[in-house]
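J.: structure, please.
(one chain, ligands or ions: 2)
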Amino acid sequence: MDFDEIATRGLVLLGCGKMGSAMLAGWLRGGLPAASVTVLDPHPSQWVQDTGVVINGDLPQDPAIVLIAVKPQMMGDALPALKNLGDGSTLFVSVAAGTPIAAFEEALGAQSPIIRAMPNTPAAIARGITAIIGNPHASAADLDMAEGLLSAVGQVVRLEDESQMDAVTAVSGSGPAYVFHLIETLAAAGEAEGLPPELALHLARATVAGAGELADTSDESPAQLRVNVTSPNGTTQAALEVLMDAADGFAPLLKRAVQAAADRSRELSNG
Ligand SMILES: NC(=O)C1=CN([C@@H]2O[C@H](COP(=O)(O)OP(=O)(O)OC[C@H]3O[C@@H](n4cnc5c(N)ncnc54)[C@H](O)[C@@H]3O)[C@@H](O)[C@H]2O)C=CC1
Ligand SMILES: O=C(O)[C@@H]1CCC=N1
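T.: Numbers count the residues shown, from 1 in each chain. Ligands and ions are numbered 1, 2, ... in the order given. As a prediction, this is how the structure comes out:
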C-alpha cells in the first residue's frame with residue numbers, strides 16, 4: 001500500500017485495544033509513519049505508547065481517515081470527540097460489530113463518507129480478512145483507500161449489502177476465537193489420551209496452523225483435503241464418524257454457534 005496520502009493528512013484511531021492494535025501493528029510494519037497516527041484512547045496500552053504514535057494529542061485538521069475501533073457500547077461516549085472533524089473529505093471507517101452505518105451518519109452527519117468494516121485479529125500478522133461496505137457518500141476512491149489500508153493487514157472483500165455484516169461478523173470476525181478454542185480442546189483431548197500438556201498443545205497448534213495453511217493454499221477443496229487424510233476404515237474415519245454425526249456432530253454445533261453470534265450482532269444493531 002502506498003501510504004503517502006494517509007501519511008500526509010494523518011490517520012486518527014479512535015480506540016486502540018485488541019483490534020485497533022492488531023491493525024496498527026500491521027500498518028506500522030507496512031511502512032505507515034508512526035508520527036502520522038493519532039490514537040485517541042483513555043487507556044492506551046504500553047505497546048501503543050512504545051510505537052511512537054501521537055496519543056490523545058491535538059487532532060490533524062482534516063485527516064485522510066478516522067478509524068473507529070471502540071466497543072459498540074462505548075460508541076455514545078466516544079463519537080463526540082470526532083464531531084466537526086475533517087472538511088468533508090475525511091473518510092470514517094468503523095470496525096465496530098453491530099453498529100450500523102446509520103448510527104454513524106446520525107452522529108457524524110449524513111453527508112460524511114462512512115465505511116463499515118469487519119476485520120479480524122490475524123490482521124496483526126497481515127493474515128486478516130476484512131469485509132467492507134460504504135454509505136452512498138463513500139466514493140469509489142474512498143472504498144479504494146479503505147481497501148488499500150486494510151489490505152496492508154490481510155485480504156479485503158466488498159459486500160453488496162450491509163445486512164450481510166451480521167453473518168460476516170459471525171464467520172470471520174469472531175471466527176478466530178472458534179479456531180483458538182479448537183486448538184485448546186484438541187490439546188485437552190490429547191492430554192486425556194495421555195500426552196503431556198506441552199506436547200499436546202504443540203501438536204494441536206502446529207496441526208491447526210499447518211492444516212489452515214494447506215486449506216488456504218491448496219487447489220483442492222477443504223472436503224477433498226479431508227478425504228486425503230481419511231484412510232478407509234482407519235483412525236480418521238473413526239473420529240469423523242463422531243464429528244460428522246448429523247444430530248450432535250460439529251456441523252450442527254457450529255451452525256448454532258455462528259447463529260448465536262449473528263443474532264448477537266443483530267441485537268447490538270438494535271441498541
Ligand atoms: N477483537 C476482535 O477480534 C474484533 C473486534 N472488532 C470490533 O472492534 C472494536 C474494538 O474491539 P476490541 O479491540 O476487541 O476491544 P478493546 O476493549 O480491546 O478495545 C477498545 C478500546 O477502546 C478504548 N476506549 C474506551 N472508551 C473510549 C473512548 N471514549 N474513546 C476512545 N477510546 C475508548 C479502550 O480503552 C480500549 O483500548 C469493537 O467495536 C469490536 O466489535 C471487530 C472485529 C474483530
Ligand atoms: O466479540 C465481538 O463482539 C467482536 C466482534 C467480532 C470479534 N470480536
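
J.: from now on I want contacts and neighbour counts done on CA atoms only, so please keep to that.
T.: Noted.

J.: get me the contact residues on this protein for ligand 1.
T.: The chain has residues 14-20, 40-44, 69-72, 74, 77-78, 95-97, 118-121, 173 near ligand 1, with proximity defined as C-alpha under 6 Å from any ligand atom.

J.: and those residues, which of them are in helices?
T.: Counting by DSSP state H, those place 18, 19, 20, 77, 78 in helices.

J.: I'd like to know which of those are buried.
T.: Neighbour counting with 16 or more other C-alpha atoms under 10 Å marks 19, 20, 78 as buried within these.

J.: now render those residues as a markdown table, adding pLDDT and distance to ligand 2.
T.: What follows is these, written out as a markdown table (pLDDT from 0 to 100; distance: C-alpha to the nearest ligand atom, whole Å):
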| residue | pLDDT | distance to ligand 2 |
| --- | --- | --- |
| 19 | 95 | 8 |
| 20 | 96 | 12 |
| 78 | 91 | 17 |
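
J.: tell me the pLDDT of residue 1.
T.: Reading off the confidence values, residue 1 has pLDDT 62.

J.: with the one 3 residues further on instead?
T.: At residue 4, the model reports a pLDDT of 88.

J.: look up phi and psi at residue 235.
T.: Phi and psi for residue 235, reported as degrees, to the nearest 10, are phi -70, psi -40.

J.: swap in residue 82?
T.: With angles defined as degrees, to the nearest 10, residue 82 shows backbone torsions of phi -100, psi 0.

J.: any idea how far the closest residue to it other than its chain neighbours lies from residue 191?
T.: By the measure of C-alpha to C-alpha, 6 or more residues apart in numbering, the closest residue to residue 82 outside its immediate chain neighbours is residue 108, 7.4 Å from it. Computed as C-alpha to C-alpha, to the nearest Å, the residue 108 to residue 191 distance reads 53 Å.

J.: these two: who's more crowded?
T.: Neighbours were tallied for residue 108 and for residue 191 using other C-alpha atoms under 10 Å; the higher tally belongs to residue 108 (19 against 16).

J.: and the more buried one, how far from residue 9?
T.: Distance check for residue 108 against residue 9: by C-alpha to C-alpha, it reads 19 Å.

J.: swap in residue 210?
T.: Applying C-alpha to C-alpha, one obtains 41 Å for the distance of residue 210 from residue 9.

J.: what about the two, which has more around it?
T.: When residue 210 is set against residue 9 and neighbours are counted by other C-alpha under 10 Å, the residue ahead is residue 9, at 17 against 12.

J.: phi first, then psi, for residue 54.
T.: Here residue 54 shows phi and psi, under degrees, to the nearest 10, equal to phi -80, psi 130.

J.: who's it bridged to?
T.: The residues listed as beta-bridge partners of residue 54 by DSSP bridges are residue 38.

J.: what pLDDT does it get?
T.: The confidence metric pLDDT takes the value 97 at residue 54.

J.: before we move on, back to that, tell me the one of the buried ones among the ones in helices among the residues of the chain next to ligand 1 nearest residue 2?
T.: For residue 2, the closest of those turns out to be residue 20, at 20.1 Å, with distances computed as C-alpha to C-alpha.

J.: quick one: contacts for whichever residue of the stretch 101-250 of the chain sits closest to ligand 1?
T.: Ligand 1 sits closest to residue 120 of the stretch 101-250 of the chain, with a gap of 4.3 Å, by C-alpha to the nearest ligand atom. Under the criterion of C-alpha atoms under 8 Å, 6 or more residues apart in numbering, the contact list for residue 120 reads 19, 128, 129, 130, 172, 173, 174, 176.

J.: what about the fifth one, neighbour count?
T.: If I follow you right, that is residue 172. Under the criterion other C-alpha under 10 Å, the count of neighbours that residue 172 has is 20.

J.: the stretch 1-150 of the chain: helices as residue ranges?
T.: 4-9, 18-30, 46-51, 75-78, 101-108, 140-151 (DSSP state H, counting those that start in this stretch).

J.: hey, which of these is tucked in deepest?
T.: Among these, ranked by average contacts under mean count of other C-alpha atoms under 10 Å, first place goes to helix 18-30 (a mean of 20).

J.: what's it in contact with?
T.: By C-alpha under 8 Å, 6+ apart, the list of residues contacting helix 18-30 reads 1, 13, 34, 48, 69, 120-126, 149-150, 152-153.
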